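S.K.: This is a predicted model, with the sequence first.
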Amino acid sequence: MPGTIAINGTRLDKVHMLVEPFSKGVISSLSYPTSQIRYSRDEGTLRLVLPADLSVELYRIGILPQDVNIPVRISIGGRPVGRYIVNDVRYPTQSNSPFGQVTFTLTRVLQRKARSAGEQPLSQPAAAVTKTYVTDITYYLDETGELAQLPGPARRLASFLTLLIEAATGAPSAGEHDSGIRCMAKACRGTIQTSLPPGQDEIYWRCQACGHNGVIRSWKNTKWNQLKGIDETGAC
Ligand SMILES: [Zn+2]
């Protein structure tokens with residue numbers, strides 16, 4: 001089956017669509033032969049030309065996702081050729097395509113390497129950063145309580161977090177306190193505010209300029225905790 005194409009494991013020539021019955025009680029369905037399902041592929045681009053009703057059906061049954069950021073797995077002739085996102089859909093003009101074909105352009109997405117929790121993308125443009133970084137500082141420490149040997153981005157994040165622990169515990173405040181520590185987000189010139197409400201186990205931090213923010217957990221028994229020895233209630 002050299003000409004067959006499948007999206008997320010569903011062969012397009014095997015998609016059966018119910019059609020208006022010829023008479024009552026008769027169930028009729030239609031599927032398109034591979035000759036009606038055309039494609040071309042080069043480098044990272046796949047062009048698919050499909051009958052319009054098949055295109056509708058692919059969206060209806062969820063083979064093609066509405067969210068353009070969700071990739072689909074493509075196989076050609078039963079062989080996987082990668083993951084693609086649909087980045088362009090063109091409808092026919094009456095004159096050049098009487099059969100109502102829709103042209104899809106898909107772009108190949110490269111397999112993203114799984115990120116460890118320590119390598120979160122701190123260098124996104126300021127406007128894109130809205131999520132909260134929930135971090136457990138012990139994840140970044142070795143058995144002696146020092147910063148562990150970590151790859152570059154994780155180490156920068158870990159150092160940043162230890163500075164924030166020092167700042168927050170050095171001037172514990174339920175309200176926001178300006179630590180003076182520079183934000184880690186790329187191209188952001190803001191400084192970080194920390195807050196540590198009394199009796200709380202979490203340090204909150206937030207960049208005043210870009211909104212980059214997070215929560216630090218498990219900081220109490222670290223050497224950066226300036227409250228150690230002062231407030232013995234929770235120590236060790
Ligand atoms: Zn910032």
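M.R.: Received, thanks.

S.K.: Looking at stretch 18-27 now, give me its mean pLDDT.
M.R.: The average pLDDT within stretch 18-27 is 70.

S.K.: Repeat that for stretch 225-236.
M.R.: Stretch 225-236 carries an average pLDDT of 64.

S.K.: and if you look at stretch 30-39?
M.R.: Confidence for stretch 30-39, expressed as mean pLDDT, is 87.

S.K.: and that stretch, which residues are buried?
M.R.: If you call a residue buried by 16 or more other C-beta atoms under 10 Å, then stretch 30-39 has these buried ones: Tyr32, Ile37, Tyr39. To be clear about C-beta, it is placed using only N, CA and C from the backbone, and glycine gets the same treatment.

S.K.: Now the longest helix seen in the chain: buried residues?
M.R.: Of all the segments of type helix in the chain, defined by DSSP state H, the longest one is helix 152-170. Residues of helix 152-170 classed as buried by neighbour count (16+ other C-beta under 10 Å): 153-154, 157-158, 160-169.

S.K.: Can you tell me which of these lies closest to Ala185?
M.R.: Closest to Ala185 out of those is Phe160 (10.7 Å), distances taken as C-beta to C-beta.

S.K.: end to end, how far does stretch 143-158 reach?
M.R.: With C-alpha to C-alpha, to the nearest Å as the measure, the ends of stretch 143-158 fall 15 Å from one another.

S.K.: and that stretch, what's its mean pLDDT?
M.R.: Stretch 143-158 carries an average pLDDT of 88.

S.K.: From the chain's centroid, how far away is it?
M.R.: The chain centroid and the centroid of stretch 143-158 are separated by 24 Å under C-alpha atoms, centre = their mean, to the nearest Å.

S.K.: OK, contacts around Val49?
M.R.: Under the criterion of C-beta atoms under 8 Å, 6 or more residues apart in numbering, the contact list for Val49 reads Ile37, Arg38, Tyr39, Gln101, Val102, Thr103, Phe104.

S.K.: what do you get for Asp67?
M.R.: Contacts of Asp67 (C-beta under 8 Å, 6+ apart): none.
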